[in-house]
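Enquirer: Task: produce atomic coordinates for the following.
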Amino acid sequence: MRILIVDDEQILLDQLRKALEGQRYMVETALDGEEALDKLFNSPADLIILDIMLPGQDGFSVLRALRRGGDATPVLMLTAKGDIDDRIKGLDLGADDYLAKPFSLDELLARVRALFRRSGGQSESVLQAGDLRLDTVSREVSRGGEPLNLTAREFSILEFFLYNKNRAVSRFNLAEHVWGDAFDPFSMSNFMDVHIKNLRKKIGDSDGSLIRTIRGVGYIIKDEGP
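Expert: Predicted coordinates:
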């Protein structure tokens, strides 16, 4: 899952990025509303954490632009403590939840999990292929009941494969999902191969029988194997 955090406080951005990446989310950041809209246009997010007080376009303007454009991405708005009017306005404009500053990281992570449950449905939070199981809400991965410890990149790659189970996934689409605009196909192709090799090793698929390589196309993951 890709999360975009929009806030003009660099220290807070770094704290939130670290906390969310520690839960294996893929995280992008923006310091103002214009940068946020540019990033969302080029690489849509699965959830947006949006501060109201931003330079240039404020959070309300960003939210209004998203909803008018038909973007239904869940939005968690960050508001000033005790500012009821801002909370009401944000919810009226289409925000899905709000969190007043200052807040604990544990509470923010709980709100994020709740929004993903609400948007995707609890019944859809678990993705499986055979005995490989990935929970998009708890961020837990296991195979044969044994827990697996994946990095944020490995988790995102596996999540994308499982969302597209039984369908071929091109290398380009995989790179776009995991790395976004930061991916350079000329210099980072081997970088992707290393991540997939490490992922296969961790899930017990060193022979490529679960995550199959389709030469000239990309990859496919199937319930029944090769």
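Enquirer: I'd like to know which elements the helix or strand of the chain with the lowest mean pLDDT is packed against.
Expert: Sorting the helices and strands of the chain by mean pLDDT, DSSP states H and E puts helix 171-179 at the bottom, at a mean of 78. In this structure, helix 171-179 makes packing contacts with helix 152-163, helix 189-202, strand 218-221, judged by 3 or more CB pairs under 8 Å, 6 or more residues apart in numbering; DSSP states H and E. Glycine gets a C-beta too; all of them are placed from N, C-alpha and C.
Enquirer: between these, which gets nearest to D7?
Expert: Proximity to D7 (CB to CB) singles out helix 152-163 among the helices and strands packed on helix 171-179, at 20.0 Å.
Enquirer: Which pLDDT value goes with F183?
Expert: pLDDT recorded at F183 is 68.
Enquirer: cool, the one 5 residues further on as well?
Expert: pLDDT, the model's per-residue confidence, is 71 for M188.
Enquirer: what's the burial count for it?
Expert: 15 (other CB atoms under 10 Å).
Enquirer: cool, A30 as well?
Expert: Around A30 there are 23 residues (other CB under 10 Å).
Enquirer: again, but for Y219
Expert: 19.
Enquirer: buried ones in stretch 67-80?
Expert: 71, 73-79 (16 or more other CB atoms under 10 Å).
Enquirer: again with stretch 111-119
Expert: Buried residues in stretch 111-119, counting neighbours by 16+ other CB under 10 Å, are found at 111-113, 115-116.
Enquirer: repeat for stretch 9-23
Expert: 12-13, 16-17, 19-20, 23.
Enquirer: And that stretch, how far out from the chain middle?
Expert: Between the centre of stretch 9-23 and the centre of its chain there are 14 Å (CA atoms, centre = their mean, to the nearest Å).
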